[in-house]
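Asker: How does the following fold in three dimensions:
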Amino acid sequence: MISPAPLTQTTGVAHTRIYAYGAARGELLVDNNALVGPIDSSDEWIRQRTGIITRTRAEAGTSALDLATDAAAEAIASSGVAPEDIDLVIVATISNPQQTPSISAVVADRVGANPAAAYDLNAACAGFSYGVAQADASIRAGIARYAVVVGAEKLSDVVDPTDRSISFLLGDGAGAVVVGPSDTPGIGPTIWGSDGSKADAVGMDHTLIEFRDGVAAWPTLRQEGPTVFRWAVWEMVKVARQALEAAGVEASDLSAFVPHQANMRIIDEFAKQLKLPDTVVIGRDIETTGNTSAASIPLATHRLLQEHPEISGGLALQIGFGAGLVFGAQVVVLP
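Answerer: Predicted coordinates for the structure are as follows:
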């Protein structure tokens, strides 16, 4: 039996943090009245069920790649990190119009980070939380020093205007962060997981193969609303509490709570069950942006930091959950 020569393994810094956020929203503001006809609904019905007044959607010529590039460029510019020092780019998305190449590799090139390692990940609405976890782990393992994590979606490409379960919820946009070394912990332990037994609760209604073969229409998103609502409200609150415990903090220590922007009723129930004090600012970007899946957490945080600069440097609990079903949560220090 051959004894191999000992391998050298890399080790990185002890801690990481988020340096800056960037955001890009679709150019079009689409109000409820523009969507109610095909679903035989009303502005009042949508507002009461979801809290959405308008949602941002991108023009036909704007892609998820374009949105991701703009958000990443802003995050890098605000971070103080030179683009050429970015050596890892992660894009969380379910709306890359091509199976390959990845959005991330092209984003890395566009923002001046070539030849950074780059890959896309598909964890739906938990994608951003997954990406932050992987950037944190990669930097602490020594295989990257500075990372860009982007959540980017053009969900209007996969919307059936006649679907009453989800079509009126969805918007387009991208949010990004730069993650790098820190002298103190800036990203808490991630609580993540999945429940594939509920895979049929939310996702695409057809496959690309079925579309190719002419046996199904273009695949679009759909969901079993009551199933997703119950799972999010009852199971995800447990995950949020676990993330707080893993980080060693209490809800009262938070400056902000930024859940996935799925539904205002879910957000409000979250806040109630977590017993958040009035001092905690809650992300409610869904009201004017809609549900942007992987982009929703960084977009909501970007807006909170603009509207409430006093929370800078404070703690934020973020939690994503969606198709898979998948979930991910962590406490982070806001830049």
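
Asker: all helices in this protein, in order from the N-terminus.
Answerer: In the chain, the helices defined using DSSP state H lie at 43-50, 64-79, 103-110, 127-141, 208-212, 225-230, 236-247, 264-273, 286-289, 296-307.

Asker: what sits up against the longest one?
Answerer: Pointing back at helix 64-79 there. 19-26, 58, 83, 86, 89, 91, 93, 95-97, 103-104, 106-107, 110-111, 113, 148, 150, 152-154, 157, 172-178, 180, 295, 298 (C-beta atoms under 8 Å, 6 or more residues apart in numbering). (C-beta placed from N, C-alpha, C; glycine too.)

Asker: 7 Å instead, please
Answerer: The contact list for helix 64-79 (C-beta atoms under 7 Å, 6 or more residues apart in numbering) reads 19-24, 58, 83, 86, 91, 93, 95-96, 103, 106-107, 110-111, 148, 150, 152-154, 172-178.

Asker: Let's see which of those residues end up in strands.
Answerer: Cross-referencing the contacts of helix 64-79 against strands under DSSP state E gives 19-24, 91, 148, 150, 152-154, 172-178.

Asker: the bottom helix or strand of the protein by mean pLDDT?
Answerer: Of all helical and strand segments in the chain, the minimum by mean pLDDT, DSSP states H and E falls on helix 225-230, at a mean of 89.

Asker: from the chain's centre, how far out does that helix sit?
Answerer: Chain-centre distance of helix 225-230: 20 Å, with C-alpha atoms, centre = their mean, to the nearest Å.

Asker: Quick check: buried residues in that helix?
Answerer: 225, 228-229 (16 or more other C-beta atoms under 10 Å).

Asker: could you dump it to CSV, C-alpha only?
Answerer: In CSV, the C-alpha atoms belonging to helix 225-230 read as follows (Å, rounded to 0.1, in the frame of the first residue of the first chain):
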residue,chain,number,x,y,z
GLY,A,225,-50.6,28.7,-1.4
PRO,A,226,-52.1,27.3,1.8
THR,A,227,-49.4,24.6,2.1
VAL,A,228,-46.5,27.1,1.6
PHE,A,229,-48.1,29.5,4.0
ARG,A,230,-48.5,27.0,6.8
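
Asker: before we move on, the earlier item: which member of the buried residues of helix 225-230 is positioned nearest Glu269?
Answerer: Phe229 (9.1 Å; C-beta to C-beta).

Asker: can you tell me how far the nearest residue to Val106 once chain neighbours are set aside sits from Met204?
Answerer: Leaving aside its chain neighbours, Val106 sits nearest to Leu65 (5.9 Å; criterion: C-beta to C-beta, 6 or more residues apart in numbering). The gap separating Leu65 from Met204 is 20 Å, by C-beta to C-beta, to the nearest Å.

Asker: So which of these two has more stuff around it?
Answerer: Per other C-beta atoms under 10 Å, whichever of Leu65 and Met204 has more neighbours is Leu65, with 23 against 14.

Asker: And that one, how far from Ser95?
Answerer: From Leu65 to Ser95 the distance is 10 Å (C-beta to C-beta).

Asker: and what of Asp278?
Answerer: 37 Å.

Asker: Dihedrals phi and psi, the closest residue to Leu208 other than its chain neighbours?
Answerer: Distances taken as C-beta to C-beta, 6+ apart put Pro219 closest to Leu208, at 6.5 Å, once the chain neighbours are dropped. Phi and psi for Pro219, reported as degrees, to the nearest 10, are phi -60, psi 130.

Asker: Would you agree Pro219 is in contact with Gly203?
Answerer: No - using C-beta atoms under 7 Å, Pro219 is not in contact with Gly203, being 9.3 Å away.
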